[in-house]
Structures are given as C-alpha cells and as structure tokens.
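Engineer: The following comprises the amino acid sequence and a computationally predicted model.
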Amino acid sequence: MRKLTPKGSMNDRIDTVLYKFRSRMKSYPPGMCPISLYRSLLQISMNQSCGKCVPCRDGLIEVDRMLQSILAGSADETVVEKLEKMCEMIARTSDCAVGISAAHLILDSIHQFADEYESHVKEHRCIPGVKQTIPCVTLCPAHVNVPGYIALIKEEDYAGAVKLIRDRNPFPTACAYVCEHPCETKCRRAMVDDPINIRGLKKYAVDAVAADTVENPKKNVSTGKKVSIIGAGPSGMTAAYYLALMGHAVTVYDEHEEAGGMLRYGIPEYRLPNLELDKDIRAIMAAGDIDFKGGVKVGRDITFEEIREASDAVFIGIGAQIGNRMPVDGADSGNVIPAADFLQLVSKGEIKSLAGKRVALIGGGNVAMDAARTAVRLDAETVHLFTRKRDDYTALKEEMIDAMQEGVRFRTLLSFLNIEADKETNDVCAIWLQPQIVGEYDEYGMMTTEHSSNYPYRFKCDYLILAVGQKSDTECFEAAGIPTERGRIVANEECMVSESDGSFSGGDCVTGPSTAINAVAAGQVAAYNIDEYLGYHHKVNTDVEIPVALPNACIPTGRAEIEEKDPYDRKEGFELAELPMTYEEAMRESSRCLRCDHYGCGVLKGGRGDE
C-alpha cells in the first residue's frame, strides 16, 4: 500500500492552519454575543499554556467554566464577582504572557460589556437587539442590500442592481468610485479565501448602465409640505432624494454653484470624475419636486431664520469643508494651506501648477493622500508626507500604495514643531520637525510616542499642506440658536436638533469629518424622521425582484481587484486612474458571493438589511 505523507514541515502546516483560522476570526459576524466571542478567544490562550504555572494551567480552566455557566444561564451575580477576582489573580501571578494576556482579555470584557453580563445573569439571555446579522449589510452605514445587488449583477440585470442600491443610497456611482467599502471588512467569504470586491462590482454595474438612465421609484402624491435643506453634499442631497419621493417639496441651498459638496469640490477627478458624479445628481433631481439654489450662502445671502419660517422642516447638512490650521509659529506664512482648502481651490481651477515647488504635507488620512497625489499631478518637484506615529496613517491601504507608486515620500516618527518663513517674502521656506521614539500603547490600543534625544530636524519646502482635520462653518446657525459643541451641531440619533421648529442636522457637521457613505446614511435617517415629524410614514418601494439564491460550492477562488493605469501614466494628469473591471472578472467575482441573505444565521427575514 502506498503511504501518504504530509507535504512540508510541521511548522509550515501549522502556519497554513493558523492562516485559515485568522481568516475565520476576521469574518466573525457583527452582532455576535460578546461573552461567547471572548470565551472563544480565551480558549485560544488556554491551548497555548505550557502548564508549568498553576494560575495559567488551572485558573484559565476555571475561568472558562464560569463563562460557560454565565452563557448557559445558570450563574448568579456572585459568579461574575468570582470571575473578576480570579482574572485579577491570574494577571498578577502568571509567569508569562499567555496567562496574563488571557486574564486581561476577560477583565476587559467584564468592564466593556457589563450590561451583557448583567443580562445573562438576570435575564439568562443576551441584551435585546444582539443577534448575528449579514456582515456586509450591517457594516454598510446605509444598510444597502449588498447580496441582492450582487445577485442582480450576476444575472446581468445592472439597472436592477442600481435600483436596489438606490433603495438606501442615491449615490450608486459616487460610492462605486470612492466608498471606503466597510462592507467588505467582515465578509464571510474570507472563511474560504478573500472578501468579495463589493465596490468593484458596484463600479462594474454603474459603468455598464449610467445611473441617470435608470428609472427612479414612483413619486408619492404631493403632500403640500415644504422642506428646506442647507448644503448640497451627500447628506443633503440624500435627504432631498427621499423627501422628494415621499411627495414633499424640497428646496436645497448651497454656497457652491453646483451640487455635490465635497464629492465635487474635495475629491480629485482622478478618483471621481465630475461627469460621473453628475449622473447621480441628475437622477436625484429627477426624483420629485426639488429646487436647487446654487451660489446662495446662508448667513450672507439669506438668513437661517428666513428659511426656517418659510419651511415646515429644515435639514442642515453643511459638511465640514473648512480645513484646520495649526496654532504654531509661522502659521500665517504664505503658501501654507489646509488640505481641504487646497483641494477645493484645485477643483475650481484656482491652483493650476506647483511646478518647481518642494511640497511638505502633515497628516496621514485619505484627505492627506488626495492632497499629496494632487500635488504630484500639479508637477510639484517633490512631495513629502510627515506623521508623528504609524497609527496616524488612517488612509486606506490602497490609497497609500497608490501615493507611494506615484512618488510621494512617506516619513514617520517626526512631530511637527513650527514653520519657518522667508524674511523677505514671508513665504514658508522650511518646517521644523522633532524626531520621536515609540512608547507604550494607550487604553485604546494606539501607539504613543515621546521626543527622541535627536536634535530637531529642519526640512526645506516651498509649499506646506496641512491635512489635520476639518471643521464646519456654524457661526450663522449658532447666532440663530442652533446648539453647537466644539464647532459641531448637536443632534440626536434621529438627526433632530429641535422638535419645536422641525430643525434636523446630520453628516460631517454633526459627527466631524467622516466618509461619504456615512453622510449618505445620515441623510437617509434624517429624511425618514422628517417625514415622521411632518405626520407621515411613507415608504420608498424599489420593486426589484432579487434572484433566487443557490448553494455555493465554496471553491477557493482569487479575488478580482480593480486594476489601475501605470503610475507613470496616471500621475501625468487628472484622468480617472482606475480601469474598468472586465465582464469575465465581474461574473466570476459575483459568483463568489455566499448569499448570506438566505444562508447562515443572518438571513434577511424581512427583506431589509436592518430588520
């Protein structure tokens, strides 16, 4: 008989198993019972114990038994107290990190999920609302039915896919180009190979069928109610879309001549061409009775009080379009500009060239990457990007890779000190940076730094872009009595500011700078709550039939990525950097979907992603 022998060394085989296990950990669904999750993590540590010290060897087993009794509903309050004391003892007396980290893990769960422990002890169940859901639908801020529109793409019904996306998000094109795709982070397909390229499939659909050629849902009869919206960004235009479909008359005010907000004036055209954004805007404007008043700034051309008096409800969605400056010496020097302001000036054609300029940039977020890559396209001689610590790089990994490929130079562990200006021109000529060394992690798991003993570092530059956050222009709203805190409008989870006069607000002006899809979600929530405030309970019906789900063989298959032009070509101008996904790629990628809306514990029983 032929003997079968495993290939590779024992360590190679263990690494393979651990890789697959990590994939399963990454795909843990949202809504999972946190106590059950922490118990599974504890058991991983238990398997690493060498058994030489009693606290780790026997103590962790006892901790596991107590957690099991809590989950089974057979424990009382004393068990939780014993559990906490046991973990504190293990953390103090274990010989190595296996016992110490495992004990701290459970202690963290006791403190972070005290309400969950209390519910299990007193009610013998999870707290209400805790249930496993469809990962992609739950993690999409707008709760778009992702499995549904992927199934429609697989059937080549691209118009149907766009319609289904619009059920929750009237910006299918814009989000197909620039969304940060949080829906992919917990995709269950990762248990097999890699998450599905959800954004890529959405982009394939809107490339196949222009959004403004797809029919909107049928508009409701006119209600006679008037709603004013201040700000034509993603939150404001989303609210306008749904309110118009509900039958309300909507007037949108914006200081810019064209609608789109930061989608138009803050995102460079190599990522989102204005011609593509216009497709979404035209479809929104065709949804119902929407009157757009561009070039009208509230507080300058019209007062907020005038708008409020002429409306049955008002939504404030002004975003956060003003870039922050830093309170340092030389901040008022020439050629020092916040990244948000820089991007808006470039989009309007007011900055056309940085030829011969040495550009320095402070910040590590997506706006910083946009500004850096824009500076490259404006023929800057060099572009250097500085951050204080590695955690400051919050941009998408692919955005950072693209920037590096295009010639942006990344420097970290350098804290910004001050700006040195030329004595004759008062333009920036250098910045001073203090070298840092890494320190302990803080309570949120973020790296801390402290000054190195090295001397401050002088870096010569001709142009300085500050990507250190953005703020909202709330002055005229504060004067009108709208509550604000630290430059943000105060609104509750329903986006309501004041019930007495029907004022609502949402998006970046409430949360601070965030993503386009978060702003869309806020506009959607505001629209439905404004409708309720006005005394209605309208629903928007998409009338899209989702294809029947079939079992998936789960054959490991490579993920189809969105390809881009060669870095040397794309950095020469502002033409779209991404290349279209091919038909074969789209069909193969859509066939990888596991249809979690029909299979698994998070099925869409009500047909909606949040029910």
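Structural biologist: Looks like it came in fine.

Engineer: what sits against the spatially closest residue to Thr542 that is not a sequence neighbour?
Structural biologist: Setting aside the residues directly before and after it, Thr542 is nearest to Asp167 in space (C-beta to C-beta, 6 or more residues apart in numbering), at 4.4 Å. Bear in mind the C-beta positions are built from the backbone N, C-alpha and C, glycine included. Applying C-beta atoms under 8 Å, 6 or more residues apart in numbering to Asp167 gives the contacts 144-145, 217, 540, 542, 544.

Engineer: May I see those arranged in CSV, with pLDDT as well?
Structural biologist: Output for those, formatted as CSV (pLDDT from 0 to 100):
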residue, pLDDT
Val144, 96
Asn145, 95
Pro217, 94
Val540, 91
Thr542, 87
Val544, 93
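
Engineer: now, among these, which is nearest to Ala75?
Structural biologist: Nearest to Ala75 among these is Asn145, at 39.2 Å by C-beta to C-beta.

Engineer: residues in contact with stretch 186-198?
Structural biologist: 23-24, 26-30, 135-136, 139, 146, 150, 181, 183-185, 554, 556-562, 589, 592-594, 596, 600.

Engineer: Glu443: how many residues sit nearby?
Structural biologist: Residues contacting Glu443 under the criterion other C-beta atoms under 10 Å number 6.

Engineer: Give me the distance between it and Val314.
Structural biologist: Separation of Glu443 from Val314 (C-beta to C-beta, to the nearest Å) stands at 40 Å.

Engineer: go on, Gly469?
Structural biologist: Separation of Gly469 from Val314 (C-beta to C-beta): 27 Å.

Engineer: Show me which of these two is the more surrounded one.
Structural biologist: Each of Gly469 and Val314 has its neighbours counted (other C-beta under 10 Å); Val314 has more, 26 against 19.

Engineer: I am assuming that one contacts Glu305, so please confirm or correct that.
Structural biologist: No: counting by C-beta atoms under 8 Å, Val314 stays clear of Glu305, with 10.5 Å between them.

Engineer: Could you pick out the longest strand of the protein?
Structural biologist: strand 428-441 (DSSP state E).

Engineer: can you tell me the average pLDDT over it?
Structural biologist: Strand 428-441 shows an average pLDDT of 93 in the prediction.

Engineer: Could you do stretch 287-297 as well?
Structural biologist: Averaged across stretch 287-297, pLDDT comes to 96.

Engineer: CA atoms only: put it into CSV for me.
Structural biologist: What follows is stretch 287-297, C-alpha atoms only, in CSV (Å, rounded to 0.1, in the frame of the first residue of the first chain):
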residue,chain,number,x,y,z
ALA,A,287,-36.9,62.2,-8.2
GLY,A,288,-39.5,64.8,-7.5
ASP,A,289,-40.1,68.4,-6.6
ILE,A,290,-36.5,69.6,-5.9
ASP,A,291,-35.5,73.2,-6.4
PHE,A,292,-31.7,73.8,-6.2
LYS,A,293,-30.5,77.3,-5.4
GLY,A,294,-26.7,77.3,-6.0
GLY,A,295,-24.4,80.2,-5.1
VAL,A,296,-26.6,81.0,-2.0
LYS,A,297,-24.8,81.1,1.3
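
Engineer: So what's the residue count around the closest residue to Phe477 other than its chain neighbours?
Structural biologist: Excluding its sequence neighbours, the residue lying closest to Phe477 (C-beta to C-beta, 6+ apart) is Phe304, at 5.9 Å. Look at Phe304: counted by other C-beta under 10 Å, it has 22 neighbours.

Engineer: Check Asp597 too.
Structural biologist: Asp597: 24 neighbours (other C-beta under 10 Å).

Engineer: got it, and Met326?
Structural biologist: 17.

Engineer: Now it: phi and psi?
Structural biologist: Torsion angles at Met326 (phi, psi; degrees, to the nearest 10) stand at phi -110, psi 130.

Engineer: tell me the contacts of it?
Structural biologist: 362, 416, 466, 468.

Engineer: Just among the residues you listed, which is most surrounded?
Structural biologist: Going by other C-beta under 10 Å, Leu466 tops the contacts of Met326 with 26 neighbours.

Engineer: list the contacts for that residue?
Structural biologist: Taking C-beta under 8 Å, 6+ apart as the test, what Leu466 contacts is 323-326, 336-339, 361-363.

Engineer: So which of those is the closest to Gly407?
Structural biologist: Taking the contacts of Leu466 together and measuring to Gly407 by C-beta to C-beta, the closest member is Leu361, at 12.9 Å.

Engineer: Low-confidence ranges, this protein, go.
Structural biologist: Low-confidence segments of the chain, defined by pLDDT under 70: 1-25, 601-611.

Engineer: Recalculate using a threshold of 50.
Structural biologist: 605-611 (pLDDT under 50).

Engineer: buried subset of the contacts of stretch 186-198?
Structural biologist: By neighbour count, with 16 or more other C-beta atoms under 10 Å, those hold 23, 27-30, 135-136, 139, 146, 150, 181, 183-184, 559-560, 562, 589, 592-594, 596 as buried.

Engineer: out of those, which are inside helices?
Structural biologist: 23, 135-136, 139, 146, 150, 589 (DSSP state H).

Engineer: any chance of those residues in a markdown table, plus distance to Ser505?
Structural biologist: A markdown table is the format used below for these (distance: C-beta to C-beta, whole Å):
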| residue | distance to Ser505 |
| --- | --- |
| Ser23 | 41 |
| Pro135 | 30 |
| Cys136 | 28 |
| Leu139 | 24 |
| Val146 | 28 |
| Ile150 | 33 |
| Glu589 | 38 |
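
Engineer: State the distance from Phe292 to Ile307.
Structural biologist: 14 Å.

Engineer: In this structure Ser591 contacts Ala151, no?
Structural biologist: No: using C-beta under 8 Å, Ser591 is not in contact with Ala151, being 10.0 Å away.

Engineer: higher neighbour count, those two?
Structural biologist: Shown here are Ser591 and Ala151; by other C-beta under 10 Å, Ala151 has more neighbours (25 against 16).

Engineer: Give me the phi and psi for Ser415.
Structural biologist: In terms of degrees, to the nearest 10, the main-chain angles of Ser415 are phi -90, psi 140.

Engineer: Look at it and say how many residues are nearby.
Structural biologist: Neighbourhood size, Ser415 [other C-beta under 10 Å]: 19.

Engineer: what's near enough to touch it?
Structural biologist: 388, 433-434, 436, 449, 451.

Engineer: Between which two of the residues you listed is the distance greatest?
Structural biologist: Taking C-beta to C-beta, the two most distant members of the contacts of Ser415 are Leu433 and Thr449; they sit 12.5 Å apart.
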